[in-house]
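**Student:** here is my input; please provide its structure:
(chains A and B)
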Number of protein chains: 2
Amino acid sequence: MIRFSRSLTRLLVELQKLPGVGEKTALRLAFHLLKSPDSAGALADSLREVTSRVRFCSTCFGITEDDPCRLCTGPREETSLCVVEEPQDLLAVERTGAFRGRYHVLQGALSPLNGITPSRLRIAELMTRLGEGTVQEVVLATNFSVEGEATALYLARLIKPLGIRVTRLAHGIPTGSDLEYVDAATVQRALEGRNEL
Amino acid sequence: MIRFSRSLTRLLVELQKLPGVGEKTALRLAFHLLKSPDSAGALADSLREVTSRVRFCSTCFGITEDDPCRLCTGPREETSLCVVEEPQDLLAVERTGAFRGRYHVLQGALSPLNGITPSRLRIAELMTRLGEGTVQEVVLATNFSVEGEATALYLARLIKPLGIRVTRLAHGIPTGSDLEYVDAATVQRALEGRNEL
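**Tutor:** Here you go, the predicted model:
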């Protein structure tokens, strides 16, 4: 067995903490970085910079350099609020250009078995925002996983008594899919949600 | 379109310079690092440390913290020299435990169209080492790509006149393969290299 030097071993350990990076990918990345010390230095600098500058918006809990963030201060429809699990989900919705309201990032989804209870999410902050009385529709855009669906149901039950409309992204067949390859649960939900043409 | 902050944009650019990291993976890595600033800081530190400590061995041109490296100074067979393209290829050979000699890393393979001519590789240094007269066999372990094969042929022509035995790793079917899924060129080379049982 070959033994790596201390500093290389440490880099391999840190790289393997990244999502989707195992032993082989870590080695490949490390050797790439060793071959181009400039780009390793630039990566180190930008990691330092980003962690010192980027924080969570105190209003929507998305990521931002300025608090509150541009999505919370810019000219948007005040009456719609889209609730997502993570900052990257906010991006996925924003990328469509089809939503013009504001956002709220829960920073997770309910998962009692993993210790993620409502108090671990930004639900209290969400209810405070809704209590201000401006929002007329909450669009629940949590993931379509077991945890995401449970979180959506939980929030719906919490929000409806406030007299606010609660909607959920539509379930259905993804664009470009062959029906043949779509799982049965998705087809069933698409059937249930079928529309007039 | 959503605009990222300057520091996040910079991090995304740096991450996308890594091999196998595109736009989506860069975003996923960035969001992971933003969620755990400690591990982003640790990664930045270890990148700095590794680039300041790790260098190329002045004998074999593999990577090392001490120059010359342990593989060049340790007790190994002096008569065999294994030539590889990159430091990670050295690891791949060393991991087998089947080679007990020394190494020489070319730091690339010949690729005239990309400007990689013999003078860009550590070939002059290889010839100097061979000129010392200790090595009796050179094992060419360059990759089995067009560039790797061309490099092996080029080196064989250069080394044989010195009266040194030149060998090449065997071509054949990888362990655990279904013949059905192995490409025709590999099967052909395996047939040509068939052995008595």
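
**Student:** contacts and neighbour counts: CA atoms only from here.
**Tutor:** OK.

**Student:** which ones are touching residue A:87?
**Tutor:** By CA atoms under 8 Å, 6 or more residues apart in numbering or on different chains, the contact list for residue A:87 reads A:61, A:62, A:63, A:105, A:107, B:31.

**Student:** nearest to residue B:68, of those residues?
**Tutor:** Top of the list for closeness to residue B:68, among the contacts of residue A:87 and by CA to CA, is residue B:31 at 40.2 Å.

**Student:** for that closest one, give me its contacts.
**Tutor:** Applying CA under 8 Å, 6+ apart, one finds that residue B:31 lies in contact with A:87, A:88.

**Student:** gap between it and residue A:141?
**Tutor:** Here the criterion is CA to CA, to the nearest Å. By it, residue B:31 lies 18 Å from residue A:141.

**Student:** surely residue A:44 is within a strand?
**Tutor:** No: the assignment for residue A:44 by DSSP: H, G, I helix; E, B strand; the rest coil gives helix, which leaves it out of any strand.

**Student:** chain neighbours aside, what residue packs nearest to it?
**Tutor:** Counting by CA to CA, 6 or more residues apart in numbering or on different chains, residue B:44 is the residue found nearest to residue A:44 once chain neighbours are left out, at 4.1 Å.

**Student:** for residue A:45, grab the count of nearby residues.
**Tutor:** Applying other CA atoms under 10 Å in any protein chain shown, we find 20 other residues in the vicinity of residue A:45.

**Student:** for it, which non-adjacent residue is closest in space?
**Tutor:** Distances taken as CA to CA, 6+ apart place residue B:44 nearest to residue A:45, at 7.0 Å, with adjacent residues excluded.

**Student:** and the residue of chain A nearest chain B?
**Tutor:** When distances are taken as CA to the nearest CA, chain A approaches chain B most closely through residue A:44, which lies 4.1 Å from it.

**Student:** so what's that residue up against?
**Tutor:** With contacts taken as CA under 8 Å, 6+ apart, residue A:44 has the following neighbours: B:43, B:44, B:45, B:47, B:48.

**Student:** pLDDT score for the third one?
**Tutor:** Turning to residue B:45, the model gives it a pLDDT of 93.

**Student:** can you map out the helices along chain A?
**Tutor:** Along chain A, the stretches classed as helices by DSSP state H are A:6-15, A:23-35, A:37-53, A:70-73, A:87-96, A:123-131, A:146-159, A:184-192.

**Student:** contact partners of the fourth one?
**Tutor:** Contact with helix A:70-73 is made by A:59, A:60, A:102, A:103, as judged by CA under 8 Å, 6+ apart.

**Student:** could you pull up the residues touching the closest residue to the last one other than its chain neighbours?
**Tutor:** It refers to residue A:103. Distance criterion CA to CA, 6+ apart; nearest residue to residue A:103, sequence neighbours excluded, is residue A:82 at 4.7 Å. Contacts for residue A:82 (CA under 8 Å, 6+ apart) come out as A:101, A:102, A:103, A:104, A:138, A:139, A:140, A:141.

**Student:** distance to residue A:170 added to the helices of chain A, as JSON lines?
**Tutor:** As requested, the helices of chain A are exported to JSON lines (distance: least, CA to CA, whole Å):
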{"stretch": "helix A:6-15", "distance to residue A:170": "37"}
{"stretch": "helix A:23-35", "distance to residue A:170": "37"}
{"stretch": "helix A:37-53", "distance to residue A:170": "35"}
{"stretch": "helix A:70-73", "distance to residue A:170": "24"}
{"stretch": "helix A:87-96", "distance to residue A:170": "13"}
{"stretch": "helix A:123-131", "distance to residue A:170": "22"}
{"stretch": "helix A:146-159", "distance to residue A:170": "12"}
{"stretch": "helix A:184-192", "distance to residue A:170": "9"}
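
**Student:** check these for me: which has the lowest mean pLDDT.
**Tutor:** Taking each of those in turn, the one with the lowest mean pLDDT is helix A:184-192, at a mean of 83.

**Student:** any buried residues in that one, and which?
**Tutor:** A:187, A:190 (16 or more other CA atoms under 10 Å in any protein chain shown).

**Student:** nearest spatial neighbour of the residue nearest to the spatial centre of chain A, skipping sequence neighbours?
**Tutor:** What sits nearest the mean C-alpha location of chain A, by CA atoms, centre = their mean, is residue A:86, with 2.1 Å. Excluding its sequence neighbours, the residue lying closest to residue A:86 (CA to CA, 6+ apart) is residue A:107, at 5.0 Å.
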